[in-house]
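Asks: Here is a sequence together with a model predicted from it:
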Amino acid sequence: MFSAEILGAWLVVLLSLCIFSYLYNDNPFYKAAEHLFIGISAGYWASLFFWTQIQPNLFGRLWPSRIVTDDGSILKSIWYAIYEILNFITTGFGVLNRNVFPEGGIGEREMQLSYVIPFILGIFMLLRLVPKFGYLARWAIAYIVGMTAGLRFYSFLNSNVRMQIQASAIDFTADWVGIINALILFIGTLTGLIYFFFSKEHKGTIGTLSKIGIYFLMIKFGASFGFAVMGRISLLIGRMNDLKDYSTHEYYYATPIILIAMIICLAIWAFMDKGKTNKDSI
Amino acid sequence: MMKNIFIKLGSLDRRIIFFVIGLSVLIPLIKPEWVTLPVRPKIHSQIVFDELDKLKAGNKLLLSFEYGPSTKPEIHPMAIALLKHMFAKDIKVYATALWADGNFMSTDAFAEVSEEFGKEYGIDYVNLGFKPGGEPVVRGIASDIRTLYDADLKGTSIDDIPMMDGIVNIDNFDFVFSLSAGFPGSTEWVQYACDPKNIPMSTGCTSIQVTDIIPYVENEQILGILAGMPGAAEYESLVDNKLREMGKISKPGKATGMMAAQSIAHVMIVLFIIFGNISYYVTRKKSREG
């Protein structure tokens, strides 16, 4: 019988072959799979971010369960009135069930009102969609850029600058193979950096050194290209392996059936398209 | 005569090249007995194995899943082999994910291996799941894991999970292993957690990332690297040998079986590059001669 697993296998085969069909030419199968992929990805990510981050970490800190925070103050009652207004809006003015803002608050964390700042900045970010207030999004972006720069500065300086400079030093106490390796690394680092030094014209000694730097960079790009090819082939093997696995009786010959059906459809589509093109050209 | 063949090869329809590459991958997968190639572990895979093998029963490994279905063929075999290795040595595994898809990958990997080795959830391994944010998440795990994680992937409060007792931050782990397919991934673990806190770490990553990560490996900021599918196959063979030594029988890994297809596809690509270059030079020479 057709189970969820078999249905899944048929979908895997169909979508894989739809994407592979682009190797022949751009066609409706490829377009459908591409649009489906982008749409589902966007929906999945939006939902996941909301339910794992915004709802528990933002709203959960601003409006935790009243059992944890309630001290009977009027200010708190006003604060939770905002919560109820937000709930009223998100439930389609009371039509839908309350999911985002459950009764009495979210989770059992301590209330942290400082989270109002990211909440406001998040709203500013969305205001980009309103041309009149679009400039407010810059504040949020400025915060993100500044915060990221600060966060990354020390880590980058430590792991990528200090420790890498340390690593490029030549250890003359090592064996001769180690010294030669370290020497090549040192020359490569130095000449590679010189190639990217644009304050002086690349002529004479600087020109020669930057040319050596180009060779080192080319070796790096060659290695990266080689690894990229290897990676892509690995992914192709993964897909092919799945297609092979799903071509058995256990999965009702999903691969051959879909492949043949797709070839027939593509042939008809190509034939009709050709006829249309000829008509257009006349 | 030869010149004409090369000129014709130069103008070969790209679809024929795709078809040949497809066949070179498919045939070894359908008929694995036709091509059997030995897998010899390289130095970086050996280092990964040796470092993990140094861990003792009861030690804690933080395993981060930073990949998804798109890179599953390269990295998932590493995850399976790694869990077999760790479970065989009775090492406690704590899983996190910096990628949302990592949740599916970790769940799948644990389901495949835990039963085989008789491991119990919450006592031998725990899956904390995905948290969005990238670098701040790594930083959070490095400083205070409990500000990030209230509950595990199943929704169980981490206070109710026995193996979470005494786990405050990354200092409580003996080793970090990042299964990485891009950003955020191994680089972030080096920069925000393992370098500042001096915790040994290793990585298994996609081929495309290798040249970016190798400077950290050469400087021993990362201890060894499993580089793409070949790295996975090499590690699988090392783990298989170890399990055999320990008298444990396990299913063979997937990466080893795929290596023949990989090697043949590489040979085909190299041949196409050689023929393409010869064709280019012959065509250019002919056009210069007029």
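Replies: Structure's in. What do you need?

Asks: Now do the phi/psi pair for the residue in the stretch 151-282 of chain A that chain B sits nearest to.
Replies: Closest approach between the stretch 151-282 of chain A and chain B, counting by Cβ to the nearest Cβ: residue A:238, at 2.6 Å. All C-beta atoms are positioned from the backbone trio N, CA, C, and that covers glycine. Dihedral pair for residue A:238: phi -60, psi -50, per degrees, to the nearest 10.

Asks: which residues sit in contact with it?
Replies: Residue A:238 is in contact with B:72-74, B:258, counting by Cβ atoms under 8 Å, 6 or more residues apart in numbering or on different chains.

Asks: Report the entries of those that also contact chain A.
Replies: Restricting the contacts of residue A:238 to those near chain A by Cβ under 8 Å from any Cβ of the partner chain leaves B:72-74, B:258.

Asks: Need the per-residue pLDDT for residue 145.
Replies: By default, I'm working from chain A. We have a pLDDT of 94 for residue A:145.

Asks: that answer is for a different chain, and I need it for chain B
Replies: Value listed for residue B:145 in the pLDDT field: 93.

Asks: ok, now residue B:234?
Replies: Looking at residue B:234, its pLDDT stands at 95.

Asks: What of residue B:207?
Replies: Confidence at residue B:207, expressed as pLDDT, is 94.

Asks: What lies in contact with stretch A:207-226?
Replies: Contact partners of stretch A:207-226, identified using Cβ under 8 Å, 6+ apart, comprise A:187-188, A:190-197, A:201-202, B:208, B:211.

Asks: Just the buried subset of those residues, please.
Replies: The neighbour-count test (16 or more other Cβ atoms under 10 Å in any protein chain shown) marks A:188, A:191-192, A:194-195, A:202, B:208, B:211 as buried among the contacts of stretch A:207-226.

Asks: Now do the helices in the stretch 101-250 of chain B.
Replies: Secondary structure of the stretch 101-250 of chain B by DSSP state H, counting those that start in this stretch: the helices cover B:102-113, B:135-143, B:145-148, B:186-189, B:195-197, B:210-218, B:228-245.

Asks: Just the C-alpha atoms of stretch A:41-52, please, in PDB.
Replies: Coordinates of the C-alpha atoms in stretch A:41-52 are reproduced here as PDB (Å, rounded to 0.1, in the frame of the first residue of the first chain):
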ATOM      1  CA  SER A  41      12.100  27.600   2.300                       C
ATOM      2  CA  ALA A  42      10.900  31.200   3.000                       C
ATOM      3  CA  GLY A  43       7.800  29.900   4.800                       C
ATOM      4  CA  TYR A  44       9.700  27.300   6.800                       C
ATOM      5  CA  TRP A  45      12.400  29.800   7.900                       C
ATOM      6  CA  ALA A  46       9.900  32.500   8.900                       C
ATOM      7  CA  SER A  47       7.800  30.100  10.900                       C
ATOM      8  CA  LEU A  48      10.900  28.500  12.600                       C
ATOM      9  CA  PHE A  49      12.500  31.800  13.500                       C
ATOM     10  CA  PHE A  50       9.200  33.100  14.900                       C
ATOM     11  CA  TRP A  51       8.500  30.000  17.100                       C
ATOM     12  CA  THR A  52      12.100  29.400  18.300                       C
END
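
Asks: Contacts only, for residue B:253.
Replies: With contact taken as Cβ under 8 Å, 6+ apart, residue B:253 is in contact with B:77, B:80-81, B:232-233, B:236, B:239-240.

Asks: any idea which of the ones next to chain A among the contacts of residue A:238 is closest to chain A?
Replies: Ranked by distance to chain A (Cβ to the nearest Cβ), the ones next to chain A among the contacts of residue A:238 are led by residue B:73 at 2.6 Å.

Asks: what does the stretch 51-200 of chain B have sitting close to chain A?
Replies: Contact residues (Cβ under 8 Å from any Cβ) of the stretch 51-200 of chain B with chain A: B:70-74, B:100, B:130-133, B:135-136, B:139, B:150, B:190-192, B:195-196.

Asks: Quickly note the distance from residue B:6 to chain A.
Replies: Going from residue B:6 to chain A by Cβ to the nearest Cβ, to the nearest Å gives 23 Å.

Asks: Tell me the buried residues in the helix or strand containing that residue?
Replies: Element membership for residue B:6 (DSSP states H and E) is helix B:2-10. Neighbour-count burial for helix B:2-10 flags B:6, B:10 (criterion: 16+ other Cβ under 10 Å).

Asks: Give me the phi and psi for residue B:60.
Replies: Torsion angles at residue B:60 (phi, psi; degrees, to the nearest 10) stand at phi -110, psi 130.

Asks: right, and it touches residue B:94 too?
Replies: Yes - checked against Cβ atoms under 8 Å, the pair residue B:60 and residue B:94 is within contact range at 6.4 Å.

Asks: intersection of neighbour lists for those two?
Replies: Taking Cβ under 8 Å, 6+ apart as the criterion, residue B:60 and residue B:94 both touch B:167, B:173.

Asks: and the two? which has more neighbours close in?
Replies: Neighbours were counted for residue B:60 and for residue B:94 using other Cβ atoms under 10 Å in any protein chain shown; residue B:94 has more, 23 against 17.

Asks: Give me the buried positions along the helix or strand hosting the more buried one.
Replies: Per DSSP H and E: residue B:94 is located in strand B:92-97. Residues B:92-97 are the ones in strand B:92-97 that count as buried (16+ other Cβ under 10 Å).

Asks: Show the average pLDDT along the helix holding residue B:6.
Replies: The predicted model gives helix B:2-10 an average pLDDT of 81.

Asks: same question, stretch A:105-121
Replies: The average pLDDT for stretch A:105-121 rounds to 90.

Asks: Residues contacting that stretch, please?
Replies: A:55-56, A:58-69, A:80, A:83, A:139-140, A:143, B:150.

Asks: Among the contacts of residue B:253, which one lies nearest to chain A?
Replies: Nearest member of these to chain A, counting by Cβ to the nearest Cβ, is residue B:232, at 8.9 Å.

Asks: Which helix or strand contains the nearest residue to the closest one once chain neighbours are set aside?
Replies: Nearest residue to residue B:232, sequence neighbours excluded (Cβ to Cβ, 6 or more residues apart in numbering or on different chains): residue B:255, at 3.7 Å. Element membership of residue B:255, judged by DSSP H and E, is helix B:254-289.

Asks: Next, the angle from that helix to helix B:228-245.
Replies: Angle, helix B:254-289 to helix B:228-245, by axes from the mean of the first three to the mean of the last three Cα atoms, to 10 degrees: 150 degrees.

Asks: Can you list the buried residues in stretch B:274-290?
Replies: B:278-279, B:282.

Asks: okay if I get these as CSV plus pLDDT and distance to chain A?
Replies: What follows is these, written out as CSV (pLDDT from 0 to 100; distance: Cβ to the nearest Cβ, whole Å):
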residue, pLDDT, distance to chain A
B:278, 92, 19
B:279, 91, 19
B:282, 90, 23
